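*Asks:* Give me a model of this one.
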Amino acid sequence: MLFSKDDRVVQITQLGGTAGTMGLHIVSATIVGLTIGYFLDDYFGTKPWLIMIFFFLGIIAGFKMVFEDFRRLQRRVEEKKASSLKQDGEKSAGQDEPRA
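*Replies:* Numbers count the residues shown, from 1 in each chain. I've put the predicted structure just below:
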């Protein structure tokens, strides 16, 4: 059952990995932004401002990476769908023929 012909386990694992990566992108970008803001605030002596600015920049960067991951996943699904249609032939690709 683990090595089934339709590869459901592989699809679920890939989707779970992509979802986990998306979550890590948001968290890691926010932490990096906060860290950079903290050290720059400490260096320049502008205590709350650079932390807030880099915090929001980190959140924006995290969501940008999630959006790129989502588009990559969407392209992978579309390519897989297109390749399966090529394998099945033209009749199953949506071209209906009138019945006699």
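
*Asks:* What is the longest helix of the chain by residue count?
*Replies:* When the chain is parsed with DSSP state H, its longest helix is helix 47-88.

*Asks:* what is the mean pLDDT for it?
*Replies:* Throughout helix 47-88, pLDDT has a mean value of 91.

*Asks:* same question, stretch 9-23
*Replies:* 86.

*Asks:* Please apply the same query to stretch 28-44.
*Replies:* Mean predicted lDDT for stretch 28-44 stands at 97.

*Asks:* got the CA coordinates for that stretch in PDB?
*Replies:* The C-alpha coordinates for stretch 28-44 follow below in PDB (Å, rounded to 0.1, in the frame of the first residue of the first chain):
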ATOM      1  CA  SER A  28      12.400  33.100   9.900                       C
ATOM      2  CA  ALA A  29      12.000  36.300   7.900                       C
ATOM      3  CA  THR A  30      10.300  38.000  10.800                       C
ATOM      4  CA  ILE A  31      13.000  36.900  13.200                       C
ATOM      5  CA  VAL A  32      15.800  38.000  10.900                       C
ATOM      6  CA  GLY A  33      14.000  41.400  10.500                       C
ATOM      7  CA  LEU A  34      13.700  41.800  14.300                       C
ATOM      8  CA  THR A  35      17.400  40.800  14.800                       C
ATOM      9  CA  ILE A  36      18.700  43.300  12.200                       C
ATOM     10  CA  GLY A  37      16.500  46.000  13.600                       C
ATOM     11  CA  TYR A  38      17.600  45.300  17.200                       C
ATOM     12  CA  PHE A  39      21.300  45.500  16.400                       C
ATOM     13  CA  LEU A  40      20.900  48.600  14.200                       C
ATOM     14  CA  ASP A  41      18.900  50.300  17.000                       C
ATOM     15  CA  ASP A  42      21.600  49.400  19.500                       C
ATOM     16  CA  TYR A  43      24.300  50.700  17.200                       C
ATOM     17  CA  PHE A  44      22.600  54.000  16.200                       C
END
